[in-house]
Structure formats: C-alpha cells, structure tokens
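Q: next one to model:
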Amino acid sequence: MFKRLIPLIIIAAGIAGFMILKATRPEPAEVTATERSWRVEIQRIEPASRVPVLPLYGEVVAPDLQNITATLAGRIAERPAAEGARVAQGDLLLALDEADIAPVLAQARSQVADLQAQIRSEQVRHRNDQRALASERAIVDNANRQFERIEALVARNLASRENLETATDARARAELTVSSRERAIEEHPARLQSLQARLSQAEANLAATERDSARARVTAPFDGVVAQVQVAVGDQVSRNQALLSLYPVTGLEVRARVPQVFQHELMVALERGETLQAHARTGELRFELRRFSGLSDPAGTEAVLVLQGESAGLRPGALLPLVLERPAREQAVEVPFSALYGADSVYLMTDDRRMRRVQVERIGEAIAGNGERRLLIAGDELPPGARLIITHLPNAMTGLKVDPAGDDAEPSS
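A: Model (predicted):
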C-alpha cells in the first residue's frame, strides 16, 4: 500500500517546491523602449549661381585638311616631307622632275606661237587680197571693153565668132577671179576670229600648264602637319593622283554627339551670343562650342567644338573626352551624388532630427574645386541654411530619426 503512495508523494513535493520558488523569485527590472537613431552627415544648403557641365566624347577632325594631287604626270624627284612632320608655310613638300615638266610646257608655248604666226599670215594675206582686188577689177573692166569691141566687129563682119568666144571666156575668167577674191576678203573676219579663238584656247592651255608646272613644286600653304604621304622619291605618278595630305596646326575641331535633352538649351545659349567653353579632362586643351551639325538622329546631334590655340600634339581621328560648360543656373545647390534618392528626391533634417523627403530638380553635374564630380539640384523646398542629409541610407524614409555627425551635431539633453 505504501509503495502505491510514493509517486503521489513525489508529485506533491514537486508542486510544493515550484510554488515555493515562484513565491520567492526576484521582481524583473522594468524595460523602457528607446528609438534608434542613424548617424548621418549633413550639408548646409547654399543656393548660388553655378555652371553645370556635360561630359562628352568626341572625335577630332581637321575641317581644313588639304589633299594634294599631282598637277602633271611625271616622276617624283624630291619629297622632303614625312608623315606626321610639322612644316612651316613655304616649306618644300615634294617636287616633280623638271625633265617631265619642260616638254609639256614647251609644247603649250609652241601651240601659242604657231597660232600667232597663222594670225599674222592671215593679216598679210588679207592685205594682199585687198591690193589684188583692185587690179583684178581693172582686168574685168578691160575684158569687158575688149568683149564690146569684138562684139561690134563681129556685127560688122570684121571679126570671127572665135574671137568673140575668146573675149567672152576672158571676161568670164576675170569676173570669176574677182568673185573669188571678194569671197576671200569677206571670209577674212571669220578666219581671223577662228584663229583668235584657237589662240585664246592655246593661251589658256599655256597658262594652265604654267600654273601646273609651278605647282609641280609643292610648298606648304600654311603652318601645318603632314597627315599622310602616299608616294616616294622615284615613283611615277599620273595627273590628279593623290600625293599627300596636310592640315593646319590651328582650327582643329571636335565633333561630339549631344543628347537631345540638352540640345535646345545649348542652341538657345548660342543664339543669345553666349560663349560656351569646353576643356579636355586633363585641362590642357580648351574648345569653344560654335555650332551644331545640320543632320541629327534619335541619339542626338553632333556639336562642333573648335580648338582654341594650337593642337599641342592632338591628331585628327583621336577620341577625346571633353567637359562642356553649360549656361549658368541661378539658385543651384551643389551636392554629392550620395544625397540623391531616385531621380528627383533628397532628404532634409528637421529641427527634431528627423528625415523629411523633398522633391528637387536635377540640373546636371558640376566640377568641384578639387576636380570631384558633384551633382547640381534646385527646388523651392531648398531654402538657404537648410540641412541636407548627404549620407545615403538604404532604409531612408520621412520621419526616420537621425544623429548628425561633425560640427552640426548637438549634445543630447
């Protein structure tokens, strides 16, 4: 019987022990919930007139590149110019052999001399025709009188019919000679005009040949750089064959495609007469935006930027990154990119150290004094002196408590 009560006794002892422990336990400390704050950096807003910039990538081109061709056929006798060499105005670039030029020039001159001689001969012939015409007309008059005498004698049977026929033939021959001479005199102006036209053509050909002969010695028309050389000394070249190309050391351009979103702003600034400058990333080369190309496509329009000063080693065909200064914008704020949320929002810190989301206008980029890229924004909710949160928080939201770092941090009460 006692063995059956042992389990009940153990259970009762356990319950009694639990009740004693519960009655004698210490009271737990009271826990107060505290709100977490996030450490952030802030920037005082200072709206001012600032210049936004636009990064561009353009190709260097030489709009005044000259392609020099052979004016005459011949052999290359000299070619001191080398590809990539810088030349001064008047420097010899290449020359054709004089032995190939002299015969062409002599032939053109001989054609002119021959036609001048033909014109003099025609003038002499015309003077002779005029003198001969008077004599031949006198012969016609004499033949007419002789015919009349023979005709009168035949009428009186004092001369034969053969004498009359002979006189008739003599008169006809004399009249034919006069007619031929008169026709030659009448044709003189046409013959002279034809010879003079051929002479003018020969003189034009001579002038062109002399010009081409002078250009057979090619000199640099300006201070420039030899872009490409396609011949060597001893090469036989034909007329109009490409020899070399040359471009000036000043006036190089960069053609860079500008997105459509910025195109209208830049065109309006150019129409107002504003000067828009651009510089290479290194800062050594300066350019000026002059115009836009006449054709466009959905990706944008090419802007033409002219190099200011000499090329300083710049070569056509190179890809050059540029930074274009857009028109200045008033009441703009320069901030780091980390301050932006989405495409058009930033957070300000309220007086009770909480975040407040505001909408802003994203103007573009700016370059800080240390060369760092910054973001330009503007908006009616960005008053001077407001505290902008520049630390990017992944859980940012309006009302989130923050703790400013640096000089703006205030001691907690």
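Q: the strands in the stretch 1-150 of the chain, which residues?
A: With DSSP state E, counting those that start in this stretch as the definition, the stretch 1-150 of the chain shows strands at residue ranges 38-40, 42-44, 48-50, 53-61, 66-69, 74-78, 86-87, 92-96.
Q: out of these, deepest packed?
A: When you average the neighbours per residue for each of the strands of the stretch 1-150 of the chain (mean count of other C-beta atoms under 10 Å), strand 92-96 leads with a mean of 20. The C-beta positions use only the backbone N, C-alpha and C, and glycine is treated the same way.
Q: domain map for the protein?
A: Each structural domain of the chain that the record assigns through automatic domain parsing is listed here as a residue range: 38-50+329-408, 54-63+249-325, 72-96+216-246, 99-214.
Q: may I see those organised as a markdown table, with mean pLDDT added?
A: Formatted as a markdown table, those follow (pLDDT from 0 to 100):
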| stretch | mean pLDDT |
| --- | --- |
| domain 38-50+329-408 | 88 |
| domain 54-63+249-325 | 87 |
| domain 72-96+216-246 | 91 |
| domain 99-214 | 84 |
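Q: re earlier: Ala299: which of the strands of the stretch 1-150 of the chain is closest?
A: Smallest distance to Ala299 across the strands of the stretch 1-150 of the chain (C-beta to C-beta): 12.3 Å, for strand 53-61.
Q: thinking again about what came up before, distance to Ile185 added to the strands of the stretch 1-150 of the chain, as a markdown table?
A: Formatted as a markdown table, these follow (distance: least, C-beta to C-beta, whole Å):
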| stretch | distance to Ile185 |
| --- | --- |
| strand 38-40 | 113 |
| strand 42-44 | 105 |
| strand 48-50 | 90 |
| strand 53-61 | 66 |
| strand 66-69 | 50 |
| strand 74-78 | 48 |
| strand 86-87 | 62 |
| strand 92-96 | 49 |
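Q: ok, which of those strands comes nearest Asn157?
A: Taking C-beta to C-beta as the criterion, Asn157 comes closest to strand 74-78 out of the strands of the stretch 1-150 of the chain, the separation being 85.9 Å.
Q: and the helix or strand containing Val333, which residues are buried?
A: Secondary structure assigned from DSSP states H and E places Val333 in strand 329-335. Neighbour counts using 16 or more other C-beta atoms under 10 Å place 329, 332-335 of strand 329-335 among the buried residues.
Q: just name the closest of those to Arg137, please.
A: Proximity of the buried residues of strand 329-335 to Arg137 (C-beta to C-beta) peaks at Arg329, which lies at 99.9 Å.
Q: report the contact partners of the spatially closest residue to the closest one that is not a sequence neighbour.
A: Counting by C-beta to C-beta, 6 or more residues apart in numbering, Ile363 is the residue found nearest to Arg329 once chain neighbours are left out, at 5.5 Å. Residues touching Ile363, when contacts are defined by C-beta atoms under 8 Å, 6 or more residues apart in numbering, comprise 52, 329, 332, 376-378.
Q: tell me which strands and helices the longest helix along the chain is in contact with?
A: Taking DSSP state H as the assignment, the helix of the chain that covers the most residues is helix 98-155. Taking 3 or more C-beta pairs under 8 Å, 6 or more residues apart in numbering; DSSP states H and E as the contact definition, the neighbouring helices and strands of helix 98-155 are strand 74-78, helix 161-214.
Q: can I get the ones you listed in JSON lines with distance to Gln236?
A: Converted to JSON lines, the helices and strands packed on helix 98-155 look like this (distance: least, C-beta to C-beta, whole Å):
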{"stretch": "strand 74-78", "distance to Gln236": "5"}
{"stretch": "helix 161-214", "distance to Gln236": "17"}
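Q: which of the ones you listed sits closest to Leu246?
A: Short answer: strand 74-78, nearest of those by C-beta to C-beta, at 16.2 Å.
Q: kindly export the closest one (C-alpha atoms) in CSV.
A: Output for strand 74-78, consisting of C-alpha atoms alone and laid out as CSV, is shown next (Å, rounded to 0.1, in the frame of the first residue of the first chain):
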residue,chain,number,x,y,z
GLY,A,74,55.9,62.7,-114.0
ARG,A,75,58.4,61.2,-111.7
ILE,A,76,58.8,62.3,-108.0
ALA,A,77,62.3,63.9,-107.8
GLU,A,78,62.1,65.3,-104.2
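Q: I'd like to know how many residues surround the residue nearest to Val178 when sequence neighbours are not counted.
A: Once its chain neighbours are removed from consideration, Val178 has its nearest residue in Glu136; the separation is 4.8 Å (C-beta to C-beta, 6+ apart). As a burial measure, Glu136 scores 19 neighbours (other C-beta atoms under 10 Å).
Q: going forward, begin numbering at 271 instead of 1
A: Shifting the count to begin at 271 puts that one at Glu406.
Q: Gln533 touches Asp567, doesn't it?
A: No - with contacts counted by C-beta atoms under 8 Å, Gln533 stays clear of Asp567, the gap being 11.8 Å.
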